[in-house]
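Visitor: return a 3D structure for these sequence lines:
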Amino acid sequence: MPLDPGQLRRRQQVETVIRVFAPALNAVLAVGERVSRIAERDDVEYYPPRVSSEEPPRRVAGGDDGGRAE
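Guide: Down below sits the predicted model:
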């Protein structure tokens, strides 16, 4: 179903706001990443993101392990 003119105008406004704030949000993410690396250098629970097509680890439903992988 096509959008009416009011919806198109609102969509353009939202997309403009996102474009304007994107650089600031990227900076916040970059600073947060740096701070987290400095604050806890040896994170034993850190798992780097996968770049391969391997299947992700299975999660135990309803377990008391805080949602950690098996």
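Visitor: any low-confidence regions in this structure?
Guide: Where the chain drops to pLDDT under 70, the residues are 43, 52-57, 61-70.
Visitor: and the helices in it?
Guide: Using DSSP state H, the helices of the chain run over residues 5-39.
Visitor: what residue is smack in the middle of this structure?
Guide: Closest to where the C-alpha atoms of the chain average out (C-alpha atoms, centre = their mean) is L29, at 9.5 Å.
Visitor: distance check, it against V35.
Guide: 11 Å (C-beta to C-beta, to the nearest Å). Bear in mind the C-beta positions are built from the backbone N, C-alpha and C, glycine included.
Visitor: got it, and A27?
Guide: As for A27, its distance to V35 is 12 Å (criterion: C-beta to C-beta).
Visitor: ok, now P5?
Guide: 44 Å.
Visitor: so between those two, which is more surrounded?
Guide: The residue with more neighbours, out of P5 and V35, is V35; 10 against 7, by other C-beta atoms under 10 Å.
Visitor: check the gap between the more buried one and V14 for me.
Guide: 29 Å.
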